[in-house]
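# any chance you can model this:
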Amino acid sequence: MRDLHLDAVHLGYLFSGFSWAYVAGQLPAGEMLDRFGCKRVYGASIVIWSVCAFLVGLAGYLVPALAFTIIFILRLVSGLAQAPVFPGNGRVVAAWFPAVERGTASAIFNASQYFAIILFAPILGWITHVNGWQGCFWFVGSLGLILAVLWGRTIFDVRKHPRINAEEIDYIESGGGLGQTGGRSAAGGGSAALSLRLIGKLLSNRLLIGVYLGQYCVNTLTWFFLTWFPVYLSRARHMSVVKVGLISALPALCGFAGGILGGIFSDRLLWAGCSLTFARKTPIVMGMSLAMTMILCNYVSTQWAIVFLMSVAFFGKGFGALGWTVISDTSPAGMTGLNGGVFNLIGNLSGITTPIVIGYIVKRTGSFHDVLIYIAATALLAIFSYVPLAGTIRRLDIRDFTEAPAAS
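Here you go, the predicted model:
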């Protein structure tokens, strides 16, 4: 903010720039994943966003007005490149895991974004303090290119993995695993072609409407923590940048733990004989209820109380973030990528709205009091979306989405 002469609204737009393109790329990304598979599409994404990170660091040496423009454009390109990531994660989980293990598997990839904060927030805070913020982008860009190599050597379809045996293949597929991370589904039916009519059917299904809206609400909490939370600690609670890096890691650790435990708890309910609906919705309700406790930060002043309440809220957010598990449970065979793309598109509209709305609230009021009310209210809306609106959670039939309507 100091180097580029940004106020709260400008910073909000810069935070949101990633999501503009990320949202726009969801449907094409889902279609590409279903058609070409995760290995190629996802791998290319990793390389592109790593290069963007390097360029953002270089743009920091330009004059402020030009730097803001270039960084915003690079944020757009990076958002477009990362569009296949979470639909791809959902596709891999649907391919490789039977239903009784998907909650845990999805929780691990979803919670990893919190673990990244635990691991990197202190490192990036230190890099910023010593070498400036540009060095952060060069650091993560280098790690991204290493990750691209690891990805290419690790990801395979189930039947093509060099170390798999017939027993494991049977276990995966008999438990509902789809077998492939893209292209034609092992369950039959192939991949559904992208069309406005097909998308319209997805958007008119009550179950999916509830899941889509719920993800928008859950992601609103995510984007608050990923963008404005460090600013909140710095500006509203007067912490140094190094301390912000260290303090940010504690709520993130709780979010990571909550994310893993939420998936495990859901799968244990399934193993105990509970219905799929009960097993998936119970952690969501519990988690979002805990997330609403962040509003209590408006009524305490000590830093330890702020950190405690935000840690509880972050834990709850992670515990209830089972949207990708539900998508793996409900997507018709051959449509996991496309349905995941629609799901992630709607969910990440919050990545556009949340940073901007918070920026305007902070600029208008000069505080974060109303911001925390806004975020807590979305957690309450998430409970409504998943419980009464979504109804029964079940695997949807691809024929309900791909068959042409009968002639009158």
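
# need the next SSE after the lengthiest helix in the chain, C-terminal direction.
In the chain, assigned by DSSP state H, the helix with the most residues is helix 99-131. For helix 99-131, the following helix or strand on the C-terminal side (DSSP states H and E) is helix 134-154.

# what's the local residue count around Ala171?
No Ala there; residue 171 is Tyr. 13 (other C-beta atoms under 10 Å). All C-beta atoms are positioned from the backbone trio N, CA, C, and that covers glycine.

# contacting residues for it?
Pro98 (C-beta atoms under 8 Å, 6 or more residues apart in numbering).

# and the helix or strand bottoming out on mean pLDDT in the chain, what does it pack onto?
None of the helices or strands of the chain scores lower by mean pLDDT, DSSP states H and E than helix 399-402, at a mean of 69. Helix 399-402 makes packing contacts with helix 196-203 when contacts are defined by 3 or more C-beta pairs under 8 Å, 6 or more residues apart in numbering; DSSP states H and E.

# mind exporting the helix it packs on as PDB, just the C-alpha atoms?
The C-alpha trace of helix 196-203 is given here as PDB (Å, rounded to 0.1, in the frame of the first residue of the first chain):
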ATOM      1  CA  LEU A 196     -25.800 -23.500 -22.100                       C
ATOM      2  CA  ARG A 197     -28.700 -26.000 -21.800                       C
ATOM      3  CA  LEU A 198     -26.500 -28.300 -19.700                       C
ATOM      4  CA  ILE A 199     -25.400 -25.400 -17.500                       C
ATOM      5  CA  GLY A 200     -29.000 -24.300 -17.200                       C
ATOM      6  CA  LYS A 201     -29.900 -27.800 -15.900                       C
ATOM      7  CA  LEU A 202     -27.200 -27.700 -13.400                       C
ATOM      8  CA  LEU A 203     -28.300 -24.300 -12.200                       C
END
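
# any buried residues in whatever helix or strand comes next after that helix, and which?
Under the assignment DSSP H and E, the closest C-terminal helix or strand after helix 196-203 is helix 206-223. If you call a residue buried by 16 or more other C-beta atoms under 10 Å, then helix 206-223 has these buried ones: 207-223.

# next, the angle helix 99-131 makes with helix 206-223.
20 degrees (axes from the mean of the first three to the mean of the last three C-alpha atoms, to 10 degrees).

# what helices and strands are in contact with helix 206-223?
Helices and strands touching helix 206-223, by 3+ C-beta pairs under 8 Å, 6+ apart, are helix 196-203, helix 276-291, helix 303-319, helix 323-330, helix 336-347, helix 350-365, helix 369-384.

# how about 7 Å then?
Counting contacts by 3 or more C-beta pairs under 7 Å, 6 or more residues apart in numbering; DSSP states H and E, helix 206-223 packs against helix 303-319, helix 323-330, helix 336-347, helix 350-365, helix 369-384.

# average pLDDT for the fourth one?
When you say that, I think you mean helix 350-365. Per-residue pLDDT over helix 350-365 has a mean of 89.

# tell me where the model's unsure across the stretch 251-400 of the chain.
334, 337 (pLDDT under 70).

# again, only using 80
328, 332-338, 340-341, 344, 397-400 (pLDDT under 80).

# thinking again about what came up before, closest one to Cys254 among the helices and strands packed on helix 206-223?
helix 303-319 (3.9 Å; C-beta to C-beta).

# circling back: reformat the helices and strands packed on helix 206-223 as TSV; add mean neighbour count and distance to Val130.
Below are the helices and strands packed on helix 206-223 laid out as TSV (neighbours: other C-beta atoms under 10 Å; distance: least, C-beta to C-beta, whole Å):
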stretch	mean neighbour count	distance to Val130
helix 303-319	23	24
helix 323-330	27	37
helix 336-347	28	36
helix 350-365	20	27
helix 369-384	19	30
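
# may I see these arranged in CSV, with distance to Ala81 as well?
Output for the helices and strands packed on helix 206-223, formatted as CSV (distance: least, C-beta to C-beta, whole Å):
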stretch, distance to Ala81
helix 303-319, 25
helix 323-330, 20
helix 336-347, 14
helix 350-365, 15
helix 369-384, 27
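
# closest to Thr277 out of these?
The nearest among the helices and strands packed on helix 206-223, by C-beta to C-beta, is helix 323-330 at 9.7 Å.

# thought Gly175 was touching Trp96?
No: at 10.6 Å, Gly175 does not count as touching Trp96 under the criterion of C-beta atoms under 7 Å.

# so for these two, which residue has more residues nearby?
It is Trp96, of Gly175 and Trp96, that has more neighbours when counted by other C-beta under 10 Å, with 23 against 13.

# any idea how far Leu33 is from that one?
14 Å (C-beta to C-beta, to the nearest Å).

# can you check Ile108 too?
19 Å.

# with Ala65 instead?
As for Ala65, its distance to Leu33 is 38 Å (criterion: C-beta to C-beta).

# and those two? Which one has more around it.
A count of neighbours by other C-beta under 10 Å puts Leu33 above the other of Ala65 and Leu33, at 29 against 10.

# what about that one, helix or strand, and which?
Judged by DSSP H and E, Leu33 forms part of helix 26-36.

# quick one, that helix and helix 196-203 angle?
Using the same axes, to 10 degrees: helix 26-36 against helix 196-203 is 110 degrees.

# I'd like the next helix or strand past helix 26-36.
Following helix 26-36 toward the C-terminus (DSSP H and E): helix 38-59.

# list the buried residues of the helix or strand just after that next one.
Downstream of helix 38-59, the first helix or strand assigned by DSSP H and E is helix 64-81. Neighbour-count burial for helix 64-81 flags 67-68, 70-81 (criterion: 16+ other C-beta under 10 Å).

# do stretch 96-113 as well
Quick answer for stretch 96-113 (16+ other C-beta under 10 Å): 96-97, 99-111, 113.

# quick check, nearest of these to Ile247?
Gln113 (17.9 Å).

# for Gly255, see how far away the closest one is.
With distances taken as C-beta to C-beta, Gln113 is found 8 Å from Gly255.

# many thanks, have a good one.
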